[in-house]
Structures are given as C-alpha cells and as structure tokens.
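Q: just a sequence and a predicted model for now, questions to come.
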Amino acid sequence: MSRTRPLVTWVAIVVVEMAAFLGLSACAGLPSSSTVQQGSLVGQAALQPVRVQPDGPAPGATPEQIVRGFLRADAGAGFNDDHAVARSFFARSVKDSWLPDSGVEVYGDESALKVQLLSANTVRVTAAIVAEVDSTGRYRETPAGTVAQATFGMEKLRAGWRISGPPKGFGLWLSADDLDRSYRSFTVAYVSNVAQTMVVDRRWLPITSGLATTLARAQLAPVPPYLSGAARTGIPTGTTLAVDSVPVQDGRAVVDLSASALSANPDQRRAMWAQFVTTLTQVASVSEVSLEVNGAGLDLPDMPGHVSTLTSLGYQSEDPPVIDSAILRTGSQLSRVSSDRPPDQDQPPKPPNLSASSVLPKIPTGWVSLALSWNGQEIAGIGGDHADLSRWQSGRHFELAKFGDDLTRPSYDSMNGLWVAGQAGGGAKVWVIDTSVSPMEEAKPRVIAVPWLANRKVLALKVATDNQRVALITSARDGADVQVLVAGISRSASGAPVSLAAQPLRVGWTLTSATDLAWADDSTLAVVGRVSPHDVMGPQLVEIGGKVTAMPPVAGTRLVTNTGGLRGVVVLTDRGQIEARAGSGWQVLQFGTDFLVPGE
C-alpha cells in the first residue's frame, strides 16, 4: 500500500542537559544562587537523548495526515512539556483527556504502520507490534504476528481536521528506535522480609528532566504481586508526593511526602529511606536523598537529614558474588578448576583431582544434573531416570526415598535450602530440603504451596542469590506453552520457605522453547531457549520486566550456569564442552559433563 507523503516537517534537535534548568532554579523554597538539576541515566553522558521536534498540524492536512502527524509527535520532544505538540492535533474539548502515560505500543519502524480512512470522519491505524510497556513501566516483548488497532474519530474545525474521538485507553505508539532513544530501564527497590537487603523490580521509564520525580512516583506504589511475601515496603499506604516534583539540588534529591508518611514506625522509616536511596541514586546527578513531610524533615533516629548509602541505614548492598573456582566433573571424577580461565596450555597437565582427591567424592555416572551448595560442603544430584535425589556431604552419601518423578536439576539457596521441582500425586510440586538438619538422613523433602502450578510441568528451577525469588521454566503437561516465570518466596519467621507468591511474573514472552536457566544478575536470567521454532536452542539473556537478547550462539547448548554478572555466563554443550564468554564470543574452559558453581 502506498503511503501519503506527510505534510509535517521534522527537525532533529540534540538537547543538551544544562548544568541548571532555568525553570527549576526558580522553584519556591530553593535558593536562587544554587544549582538545581535533574540527572540523566547513571553511566550516561550528561546529555538528554536526541529528541525529534515535529511540527503541529499543517494547514489543509487530511484526516489520515493528522493522525499520522499525531503519532509522530508522540515520539518527539513532548515528555518535558506534557506532549504539547501531540495534543495540538486534538480538538480543544478532548486534548486534555488523552493520557499518554497509560502505556506504550512499540512497532518495528514506520513501515509497520498502516493508516486508513474508514469514512469521512473516521481513521483506523493498524501496526505490527513488537513490544508493549504498560502504565507501570512493565516491558513485554510480544510474539511475532501481534497486531494492534486504534480507531480515531475526526472533526473538521475552522483550523482544519482534528482528532475529536481518541480511542479509549490510547497512550503512546512508538517505534523501537524511538523507545530506545526515549526510555531506559530502572529498578524500583523494596525491602527483603527476612534480611537487611533490597529486592528490586525493573521498570521502563522515559528519560526526562523530571526523572527523579518519575522514579519517586514509581517507588510510592505497593509491592508488585509477584514479590508478595518476599518483600515489603516501608512507605505507608496512601502516601503521595506533597509537592508534584522531586528537585535535585547540589546532588541531593528532596522527596517531600504527604502526612501519611508520619504513620511509619522507626523500622518502616529506615526501610523507606533505604528504598528511596536505592532507587533515586540511579539518576546520575543524585548522590544523596532527603525525605520530608510537607516541608519538614522526616526524622530518623541517629541519622542526619540526608543519606547517601545503604550501609548507613543498616542495610547491605547485594553485590553479586565473585566466584573464582568451580568443580569439574569428568565421568565419575571431580576436580577443582578455575571458573573463568582454561587450563594453562604452557604447563604440563596435572594429575586428575591432584588438589582435591581426598575431599571430593566420586559421583557414579548414573547421577546427573548436579548442584553445589553455597558453602561448597554438599553436592546434590538427580538419578538418570529423574525419579531419585542423592546428597553427598562430608564424605557421606545418602539417597532419599522416592518422592517424585520428572525431577529438575536441584538448586541451593544460602539459607540451608535445597530446592527441587517435579511431579507427584498427578500434579507439579516444589520441594525444599533443610540441609542444616543433622544427620542428613533426617531431612525430608517438604512441599511448599504453589497453586498456579496446577496442570503445569516444571522443567527447570533456580533460586536467586538474594534468597527471595525463584525462576522457573514451566510447560503444559503435553510440553506446549513453555513459560519462564519469576515469583517471590514467602518464608516463616525462622526463614523456612512456606510458599511462592500467588501471582508469578511471566518474562521472556517471545521464547517458544526453554530448557534450563540461571540468574545472571539481580534482574536478568540466562536461559537456554529460542524465539523462533526454526532457531537452534542457545543462550538467551532475559531481563525481568525487559527484553530477550540472544547471546552469541553455541551449538548443542545443554545447560547454563553463572560465575557472576552478565559476563559470567557459562554454558555446557552436549559434546562435553564448557564455554565462557570471551569478547564477542565464547572460549572453551574445560571438557566434562558437569561444571559446578556454588549455589548453582
């Protein structure tokens, strides 16, 4: 279909983020001699993204051209002026009823858009959609073939055609390039229910001069359902911003909250401070945070009126563990090896198991899918028929009585939990074994509650390093409808797992097949899977609340593990190769059947 040449003209403008925004420097209550600024994304240059400044409606434009001009204006420099140019395409009576924050439909490029005149005063827009961002900033890639439609009512006014009937719930339609130029992913912080650490949730938000305000508003929202039971918020229900902006002055973000915040007890106030510090310091210009209630400081015992670090609040920063050694399995033999370097080719090979033959057990070849505890003192494995579980600890071996079938590769948390999933009693189950029980023969598998696994099958399970979340690959019983899910872990006062969150979060929506996974960092999974049924299975990076990115392909990828961070992904192939990231590809670390990393 040929497209009408648009009448609007585009001018690309690179907007430099100045050291001070003149409008903000005049904010009431701020000294005029101080610099007030909103920062860009952490790690980015001190520039706003390149903006495209469109013209408003052109005289004589047709209804189709008005709608197309409006869609293009969505992607322009409208985020800092409430999309004033885009609103100029509306009739005056409805321009303020449009809610651009209600969500984003993302199409590949302009060739994916089809604008059609249905009648004299009705225009329909159709687009092949590649992703969606909901009103909370949750990003979801859509399967191939996803199509969105919107119908606009039009009215001819004295100034020309205008949109008089916008579709209900219509937000923004952006191309993938426009989204990448205008949005970035950020984390919103909550507090662990069982430790002095943070649990984060990833959101996609527009990069604007008001980024600190946008993040603060996101932080005021309740804990998302998939983290229910695993995390809490110190912010009392009903708390809002008392002033509809969060100014940043000399590196300090000032968050002025409504009177509801005063109902927080000292522990909740400390959690509240920790959450805002974690979330707002992602803005490059923010180095510390102050909390106020209607202009007065929100008191925190033994603390100054501004905070820059979690440790000063009694919270720990969850840095990813650095793992420099692993255990290699070759046949029934185990040996200690480097986690990120191949053997030194200039040195003669060492005898197998030279440094560990007296402490590492032999694992009969009938036991597969091994896992290593965080303290390195225990190994667990699944029988070749996936119906048995064994544990090796301090030179002792114990095979548990049969409790399920189709058992997954085990996974250890660092709170004495050994996790495994499988089938029992006609349905999917998740079990946890308390590894602190002595003797180990006394520790029995205990089922935890996961109601949404009814009529499903678990293919893989892995506990996050924060002990508060678990990632799973599930499918229908016939193997169809493969899903990658993340859910919070609800624990008792003693730390024992009780259940998973009642509503999991699905991630990696475009994956049509997946067989194994590992946590790459606190908000990214490494998954063995594929997007197209015609692709070979390979390593994929799956952001929680974000994109699926194919890693360099590795033929015959079978399992995945991680030695720390996105560069620490390690894959095992069906040819016995163990490969780690190296530059833009992979290098062979070892040859073997298992590569055991603590906690993996």
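A: It's in. Residues are numbered from 1 along each chain as shown.
Q: element containing Lys168?
A: Secondary-structure element containing Lys168, defined by DSSP states H and E: none, the residue being outside all helices and strands.
Q: compute the number of surrounding residues for it.
A: For Lys168, the neighbour count with other Cβ atoms under 10 Å is 8. Bear in mind the C-beta positions are built from the backbone N, C-alpha and C, glycine included.
Q: work out the gap between the longest helix anywhere in the chain and the centre of the chain.
A: Taking DSSP state H as the criterion, the chain has its longest helix at helix 266-280. Between the centre of helix 266-280 and the centre of its host chain there is 21 Å, according to Cα atoms, centre = their mean, to the nearest Å.
Q: by contact count, what packs against it?
A: Taking 3 or more Cβ pairs under 8 Å, 6 or more residues apart in numbering; DSSP states H and E as the contact definition, the neighbouring helices and strands of helix 266-280 are strand 183-192, strand 198-206, helix 211-219, strand 252-257, strand 288-293.
Q: which one, of the ones you listed, ends up nearest to Arg270?
A: Checking the helices and strands packed on helix 266-280 against Arg270 by Cβ to Cβ gives strand 183-192 as the closest, at 9.0 Å.
Q: dump the residue contacts of the residue sitting furthest away from the middle of the chain.
A: Using Cα atoms, centre = their mean, the residue of the chain lying farthest from its centre is Arg158. It sits 48.6 Å away. Going by Cβ atoms under 8 Å, 6 or more residues apart in numbering, Arg158 touches no other residue.
Q: phi, psi of it?
A: Note on Arg158: backbone dihedrals following degrees, to the nearest 10 are phi -60, psi -30.
Q: model confidence for it, exactly?
A: Listed pLDDT for Arg158 reads 94.
Q: before we move on, the earlier item: distance to Phe170, mean pLDDT and mean neighbour count added to the helices and strands packed on helix 266-280, as CSV?
A: Formatted as CSV, the entries for these read as follows, by distance: least, Cβ to Cβ, whole Å; pLDDT from 0 to 100; neighbours: other Cβ atoms under 10 Å:
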stretch, distance to Phe170, mean pLDDT, mean neighbour count
strand 183-192, 18, 95, 22
strand 198-206, 17, 94, 23
helix 211-219, 21, 96, 22
strand 252-257, 31, 96, 24
strand 288-293, 35, 95, 20
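Q: reformat the ones you listed as JSON lines; add distance to Asp385.
A: Converted to JSON lines, these look like this (distance: least, Cβ to Cβ, whole Å):
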{"stretch": "strand 183-192", "distance to Asp385": "38"}
{"stretch": "strand 198-206", "distance to Asp385": "37"}
{"stretch": "helix 211-219", "distance to Asp385": "48"}
{"stretch": "strand 252-257", "distance to Asp385": "57"}
{"stretch": "strand 288-293", "distance to Asp385": "55"}
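Q: these: which one's closest to Ala550?
A: Taking Cβ to Cβ, strand 183-192 is the member of the helices and strands packed on helix 266-280 nearest to Ala550, at 18.0 Å.
Q: what's the closest one packed up against?
A: The criterion is 3+ Cβ pairs under 8 Å, 6+ apart, and the helices and strands that strand 183-192 contacts are strand 198-206, helix 211-219, strand 231-232, helix 266-280.
Q: nearest to Ala326, of those?
A: strand 198-206 (27.0 Å).
Q: which elements pack onto that closest one?
A: By 3+ Cβ pairs under 8 Å, 6+ apart, strand 198-206 packs against strand 139-141, strand 183-192, helix 211-219, helix 266-280.
Q: neighbouring contacts of the first one?
A: Around strand 139-141, the neighbours that count as contacts under Cβ under 8 Å, 6+ apart are 130-134, 185, 202-204, 509-510, 543, 545-548.
Q: which one of the residues you listed sits closest to Val248?
A: Of all the contacts of strand 139-141, the one with the least separation from Val248 (Cβ to Cβ) is Arg203, at 19.6 Å.
Q: among the helices and strands packed on helix 266-280, which is nearest Gly395?
A: Counting by Cβ to Cβ, Gly395 lies closest to strand 183-192 out of the helices and strands packed on helix 266-280; the figure is 34.8 Å.
Q: from Gln587, how far out is Thr465?
A: Counting by Cβ to Cβ, to the nearest Å, the separation of Thr465 from Gln587 is 25 Å.
Q: have a look at the two and say which one is more surrounded.
A: Each of Thr465 and Gln587 had its neighbours counted (other Cβ under 10 Å), and the higher figure belongs to Thr465 (21 against 12).
Q: surely that one touches Thr524?
A: No. Using Cβ atoms under 8 Å, Thr465 and Thr524 do not qualify as a contacting pair, with a distance of 11.9 Å.
Q: show me where the stretch 301-450 of the chain has its strands.
A: 325-330, 333-338, 367-372, 378-383, 389-393, 396-399, 411-412, 417-424, 427-434, 446-448 (DSSP state E, counting those that start in this stretch).
Q: need those in TSV with mean neighbour count, can you?
A: As requested, those are arranged in TSV below (neighbours: other Cβ atoms under 10 Å):
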stretch	mean neighbour count
strand 325-330	20
strand 333-338	19
strand 367-372	21
strand 378-383	22
strand 389-393	21
strand 396-399	14
strand 411-412	24
strand 417-424	22
strand 427-434	20
strand 446-448	16
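Q: looking at the ones you listed, which is closest to Pro304?
A: Using Cβ to Cβ as the criterion, the shortest distance between Pro304 and the strands of the stretch 301-450 of the chain is 38.6 Å, found for strand 417-424.
Q: what inclination does that closest one have with respect to strand 427-434?
A: For strand 417-424 against strand 427-434, the angle by axes from the mean of the first three to the mean of the last three Cα atoms, to 10 degrees is 160 degrees.
Q: residues in contact with strand 417-424?
A: Residues from elsewhere that reach strand 417-424 (Cβ under 8 Å, 6+ apart): 371, 373, 378, 380, 382, 386, 389, 391, 403-413, 428-435, 445, 457-458, 461, 463, 467, 470, 472, 496-497.
Q: quick one, that strand and strand 378-383 angle?
A: 10 degrees.
Q: what mean pLDDT does strand 417-424 get?
A: Across strand 417-424, the average pLDDT comes to 97.
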